[in-house]
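> I'd like to go over a predicted model; first the sequence, then the structure.
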Amino acid sequence: MRRLAFAVACGVAASWSMAGEAAARDYSGKYKSKITLPNGDVVKANVTIVKVDGSIYRSESKYGDFIELSMCFAEEDRLSCGFAPKSGGGYVGFSIYEPDGSGKLIGKFAETSTQKLGKEVLTPVGK
């Protein structure tokens, strides 16, 4: 009887887990980015987010000729990313985004060069 109860409990837990995964948001797509740096300067970029596997994503942000690469993972209703310049060196950083209900992703970030929080808004422009 205990084995049956354990099997039923595991089956229910697995179905809850799989249902949560099936309902997870897909962050893949192209975005326009508006970044407010910690010093107040505003930078605009084009961002592409690609799903790699399950909840893992990678992204590329282009600011003119400058490119920043990220590895991200989705958990609950957040997308968390580590980023660095494609050319290497300089700094590394971390950002966390949450959907605002209108399709935009609202984020905060910190990087080693400033050690202060900045803000970013990602507005979807297509897949």
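In hand now; what should we look at?
> could you use CA atoms for every contact and neighbour count after this?
Noted.
> now the strands for this structure?
Counting by DSSP state E, residue ranges of the strands within the chain are 29-36, 42-53, 56-63, 66-75, 78-85, 93-99, 105-111, 117-126.
> can you redo these as JSON lines with mean pLDDT and mean neighbour count?
Putting these into JSON lines (pLDDT from 0 to 100; neighbours: other C-alpha atoms under 10 Å) gives the following:
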{"stretch": "strand 29-36", "mean pLDDT": "97", "mean neighbour count": "19"}
{"stretch": "strand 42-53", "mean pLDDT": "97", "mean neighbour count": "16"}
{"stretch": "strand 56-63", "mean pLDDT": "96", "mean neighbour count": "19"}
{"stretch": "strand 66-75", "mean pLDDT": "96", "mean neighbour count": "18"}
{"stretch": "strand 78-85", "mean pLDDT": "96", "mean neighbour count": "20"}
{"stretch": "strand 93-99", "mean pLDDT": "97", "mean neighbour count": "19"}
{"stretch": "strand 105-111", "mean pLDDT": "97", "mean neighbour count": "20"}
{"stretch": "strand 117-126", "mean pLDDT": "95", "mean neighbour count": "18"}
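> specify the beta-bridge partners of the most centrally placed residue in the chain.
In the chain, the residue lying closest to the centroid (C-alpha atoms, centre = their mean) is Leu79, at 3.0 Å. With DSSP bridges applied, the residues forming beta bridges to Leu79 are Ala74, Tyr97.
> roughly how far apart are it and Val43?
Computed with C-alpha to C-alpha, to the nearest Å, the distance linking Leu79 and Val43 is 21 Å.
> Cys81 too?
From Cys81 to Val43 the distance is 18 Å (C-alpha to C-alpha).
> swap in Lys119?
Here the distance between Lys119 and Val43 works out to 11 Å (C-alpha to C-alpha).
> so what's in contact with the two at the same time?
Common neighbours of Lys119 and Val43, counting by C-alpha atoms under 8 Å, 6 or more residues apart in numbering, are Ile35, Thr36, Leu37.
> turn those residues into CSV, columns for distance to Ser113.
Supplementary listing: these in CSV, determined by distance: C-alpha to C-alpha, whole Å:
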residue, distance to Ser113
Ile35, 16
Thr36, 15
Leu37, 11
